[in-house]
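[1] How does the following fold in three dimensions:
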Amino acid sequence: MPNYFAGIDVGAVTTKCVIIDDRKAILGFFVKNSGIDLKEAAENCYQKAIETAKLSIENIKYVVGTGYGRESISFANSTKTEISCHAKGSYFYFPRAITVIDIGGQDTKVIKVDEKGRIAGFKMNRKCAAGTGAFLEEIAGKMKVPVSSLDELARKATSNIELSSYCTVFASTEILSKIRAGNTREDMIRGAFNSVIKRVLEMDSVTGFVVMTGGVVAYNKIIVELIEESKGIRINLPPNPQITGAFGAALFAVEEYRDPYACKG
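    Here you go, the predicted structure:
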């Protein structure tokens, strides 16, 4: 009789839940907006993910929570940091020394993982929206375009404009000024992506085997391509970058269920 496990990543913008079996195969997952009630988001996402896996809640043996709102997951057996879970999920697909770049809705992380999957160091940006999905959402709002169209519009740019400001407020003002001066909307959106990339690359060294995760990357592959072009390296992606943290939490769930004293951090 197989056992089943869940990992839930309650982010500031989206909540993700992944259901896996004891062979660590993904059976189902669900992603939803976190909204203002993180507890409700976690419970709803958990139930929907179980449904996509065609299981019932009684089948789930162990749940690990992570993310900004992990303390809101009242039914979790334990919690882990986002750093640990993104490292865990990324290392599962790329079992070697890696540098993980996770661009989330409201924070960005650069995580160094050694050849045995242990965290060797990390840098995290939580002081402002610069270099995060929130920056791109703000820019999309100012330009009155759907967030989902940013990738497509940036690919139509004919020049590679760089913004002088990281600050969301100042960057928005700068963009509007440049558009009034004759620059195209597409060029400015690409400039916004360039700004995100520049902020990320200044956080820490991006060398070796690089993996990118997070919803921003999942829906805006142009970020991957621009970093590859900028650094002259190849970027590697998990099968679904947006659920990597939740998947990592589910992997911890398997390990803790088998040995409650095996996992630390």
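[2] Quick one: the strands in the stretch 1-150 of the chain, in order.
    Ranges of strands within the stretch 1-150 of the chain are 4-10, 14-21, 26-33, 60-66, 78-79, 98-103, 108-113, 119-125, based on DSSP state E, counting those that start in this stretch.
[3] can you redo these as a markdown table with mean neighbour count, mean pLDDT and distance to Pro239?
    In this view, the C-beta of every residue, glycine as well, is placed from N, C-alpha and C. Listed next are the strands of the stretch 1-150 of the chain as a markdown table, based on neighbours: other CB atoms under 10 Å; pLDDT from 0 to 100; distance: least, CB to CB, whole Å:
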| stretch | mean neighbour count | mean pLDDT | distance to Pro239 |
| --- | --- | --- | --- |
| strand 4-10 | 30 | 97 | 15 |
| strand 14-21 | 26 | 97 | 11 |
| strand 26-33 | 18 | 97 | 8 |
| strand 60-66 | 25 | 97 | 19 |
| strand 78-79 | 18 | 96 | 25 |
| strand 98-103 | 26 | 95 | 15 |
| strand 108-113 | 24 | 94 | 18 |
| strand 119-125 | 16 | 91 | 22 |
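[4] Of all those strands, which one is nearest Thr244?
    Thr244 lies closest to strand 98-103 among the strands of the stretch 1-150 of the chain, at 7.5 Å (CB to CB).
[5] buried ones in the lowest-mean-pLDDT helix or strand in the chain?
    Using mean pLDDT, DSSP states H and E, the weakest-scoring helix or strand in the chain turns out to be helix 168-180, at a mean of 73. Using 16 or more other CB atoms under 10 Å as the burial criterion, the residues of helix 168-180 that qualify are 168, 171-172, 174-175, 178.
[6] same thing with stretch 230-244?
    Here stretch 230-244 shows 235, 237-238, 240-244 as buried, counting by 16+ other CB under 10 Å.
[7] Give me the nearest residue to Phe29, chain neighbours excluded.
    Val18 (4.5 Å; CB to CB, 6 or more residues apart in numbering).
[8] now that neighbour, which residues is it bridged with?
    Following DSSP bridges, Val18 is listed with bridge partners Gly7, Phe29.
[9] One more: Val64?
    Gly7, Ser78.
[10] and it, what is it in contact with?
    By CB atoms under 8 Å, 6 or more residues apart in numbering, the residues touching Val64 are 5-8, 76-80, 85, 249-250, 252-253, 256.
[11] export the least confident helix or strand of the chain as CSV, just CAs?
    Output in CSV follows, covering the C-alpha atoms of helix 168-180 (Å, rounded to 0.1, in the frame of the first residue of the first chain):
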residue,chain,number,x,y,z
THR,A,168,9.7,50.5,-8.0
VAL,A,169,8.3,54.0,-7.5
PHE,A,170,11.2,55.8,-9.2
ALA,A,171,11.4,53.2,-12.0
SER,A,172,7.7,53.6,-12.7
THR,A,173,8.2,57.4,-13.0
GLU,A,174,11.3,56.8,-15.2
ILE,A,175,9.4,54.5,-17.5
LEU,A,176,6.5,56.9,-18.0
SER,A,177,9.0,59.7,-18.8
LYS,A,178,10.8,57.6,-21.3
ILE,A,179,7.6,56.6,-23.1
ARG,A,180,6.6,60.3,-23.3
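[12] can you redo the strands of the stretch 1-150 of the chain as a markdown table with distance to Met212?
    Converted to a markdown table, those look like this (distance: least, CB to CB, whole Å):
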| stretch | distance to Met212 |
| --- | --- |
| strand 4-10 | 16 |
| strand 14-21 | 16 |
| strand 26-33 | 17 |
| strand 60-66 | 18 |
| strand 78-79 | 24 |
| strand 98-103 | 5 |
| strand 108-113 | 10 |
| strand 119-125 | 15 |
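[13] Contacts made by stretch 214-231 with the rest, please.
    Counting contacts by CB under 8 Å, 6+ apart, the residues outside stretch 214-231 that touch it are 11, 13-14, 31, 101-105, 132-133, 136, 147-148, 150-151, 154-155, 190, 193-194, 196-197, 200-201, 206, 210, 212, 233-235, 237, 240-242, 244.
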